[in-house]
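J.: Sequence first, predicted coordinates after that:
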Amino acid sequence: MSETAPSGKALLWIDDEPHSLSCERLLLEKSGVHVEWATTIAEATERLNSKRYDLIILDCMLPPDSPSEEPIRAGVTFLDRLRSGKIGASCDNRKLKVIVVTAIGSMHILETLRKAEGVERIMMKPIATREMHEAIMESLGRSEIGTGITTGSTRRHTRRA
């Protein structure tokens, strides 16, 4: 697995606590990946409507867009909107790779995420900086979209037929 990202790769990291990810950002930028942050779904939507990205890192539990939505569903709703073409008018984000990070161990949420179109990998928090870096570099170098779950140092990959 290469530690150098293909030239010109851009990543959008959507997390409502970006200050806790400074080590990841530094490591990615040293590897040649341009990293941009969004702390809300609205901010992520705005960025995706104006710029093309190669990969999204999505914290599954974000503050919801509407008061009636549960935070636990906000990431799933965002993915649905992304895949339906309602986000990213300037380019086709329906095929954009997504790595989902979550601390939620609910089987229902995990199953929903597994079935979500284009989810490259699901990673359970807490995630070691090195493990996250390796997953991102692997995703940026991969052309097909698959799904997998990463928990701790054990990796299980599942592919859709």
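T.: Cool, got the structure. Just so it is clear, the structure is predicted and the values come from calculations on it, not from any experiment. Residues are numbered from 1 along each chain as shown.

J.: Ignoring the adjacent residues along the chain, who's closest to Gly75?
T.: With sequence-adjacent residues excluded and distances taken as Cβ to Cβ, 6 or more residues apart in numbering, Gly75 is closest to Cys60, at 3.6 Å. Backbone N, C-alpha and C define where each C-beta goes, glycine included.

J.: what's the spacing between the one you found and Gly105?
T.: Distance of Cys60 to Gly105, given as Cβ to Cβ, to the nearest Å: 11 Å.

J.: The two: who's more crowded?
T.: Neighbour totals were compared for Cys60 and Gly105, and Cys60 leads with 24 against 10 (other Cβ atoms under 10 Å).

J.: quick one: that one and Leu96, what's the gap?
T.: Applying Cβ to Cβ to Cys60 and Leu96 gives a distance of 16 Å.

J.: Over to Thr77?
T.: 16 Å.

J.: Which stretches in the protein count as helices?
T.: Remark: helices assigned in the chain by DSSP state H are 22-30, 41-50, 71-83, 107-115, 129-141.

J.: between those helices, which gets nearest to Met123?
T.: helix 129-141 (6.4 Å; Cβ to Cβ).

J.: burial measure for Ser139, as a count.
T.: 23.

J.: quick one: it from Thr129, how far?
T.: Distance from Ser139 to Thr129, by Cβ to Cβ: 16 Å.

J.: Output the lowest mean pLDDT helix or strand found in the protein.
T.: Lowest on mean pLDDT, DSSP states H and E among the helices and strands of the chain sits strand 154-158, with a mean of 39.

J.: Chain neighbours aside, what residue packs nearest to the residue most central in space within the chain?
T.: For the chain, Ile57 is the residue whose C-alpha lies nearest the centre (Cα atoms, centre = their mean; 2.2 Å). Excluding its sequence neighbours, the residue lying closest to Ile57 (Cβ to Cβ, 6+ apart) is Trp13, at 4.4 Å.

J.: tell me, how many neighbours does that neighbour end up with?
T.: By other Cβ under 10 Å, neighbour count at Trp13 equals 24.

J.: ok, it touching Thr39?
T.: No. Trp13 is not in contact with Thr39 according to Cβ atoms under 8 Å; the separation is 9.7 Å.

J.: All set now, cheers.
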